[in-house]
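K.L.:
Here is a sequence together with a model predicted from it:
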Amino acid sequence: MHELSIALSIVELAEEEARKANASIISKVEVEIGTMAGIENDALLFAWDSVVQGTIAQQSLLVIHSIQAEAHCLECGKEFPAEHFFVQCPVCSSFRYQITKGKEMRVSSLMVD
């Protein structure tokens, strides 16, 4: 379950940014996670509850925004949604594509006091 280490990294980053802002409480952390990032949102939320204990993010809410994966066909140039890694272009049926969106994971905002 790598979601535990991801949650720990998010808390560390949030605490570092809160210190820079002279904040003593983190009340909300928003993250953007691509649908092909290999992260299980429920597992991340479960891990979050454990890793925030005893930190300034202890009472924080973790909000996850999903980013739908998209692909670019290398044959015909069509942009299309990608539900998984083994998808065909809906226009030319090619399997030659590049994932252009949906593998990212980033902290998008923090709410601190």
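P.N.:
Cool, got the structure.
K.L.:
how much distance is there from the helix or strand where residue 6 lies to the middle of the chain?
P.N.:
If you go by DSSP states H and E, residue 6 is part of helix 3-20. Its chain's C-alpha centre and that of helix 3-20 lie 13 Å apart, by CA atoms, centre = their mean, to the nearest Å.
K.L.:
Just list what that helix packs against, helices and strands only.
P.N.:
strand 26-34, helix 41-51, strand 105-112 (3 or more CB pairs under 8 Å, 6 or more residues apart in numbering; DSSP states H and E). Every C-beta, even on glycine, is put in place using the N, C-alpha and C of the backbone.
K.L.:
quick one: contacts for residue 99?
P.N.:
With contact taken as CB atoms under 8 Å, 6 or more residues apart in numbering, residue 99 is in contact with 36, 69, 70, 71, 82, 85.
K.L.:
go on, residue 27?
P.N.:
59, 60, 61, 111, 112, 113.
K.L.:
separation between the closest residue to the last one other than its chain neighbours and residue 48?
P.N.:
For residue 113, ignoring the flanking residues on the chain, the nearest one in space by CB to CB, 6 or more residues apart in numbering is residue 25 at 4.4 Å. Counting by CB to CB, to the nearest Å, the separation of residue 25 from residue 48 is 16 Å.
K.L.:
And those two? Which one has more around it.
P.N.:
Comparing residue 25 with residue 48 by other CB atoms under 10 Å, the one with more neighbours is residue 48, at 23 against 13.
K.L.:
so that one touches residue 61, yeah?
P.N.:
No: using CB atoms under 8 Å, residue 48 is not in contact with residue 61; the gap is 9.2 Å.
K.L.:
so the residue nearest to residue 113 touches residue 56, yeah?
P.N.:
Yes: using CB under 8 Å, residue 25 makes contact with residue 56 at a distance of 5.7 Å.
K.L.:
Show me the common contact partners of those two, please.
P.N.:
Contact criterion CB under 8 Å, 6+ apart; residues shared by residue 25 and residue 56: residue 18.
K.L.:
ok, back up a step: narrow the contacts of residue 99 to those that are buried.
P.N.:
Buried members of the contacts of residue 99, scored by 16 or more other CB atoms under 10 Å, are 36, 69, 70, 71, 82.
K.L.:
I'm done for today, thanks for sticking with me.
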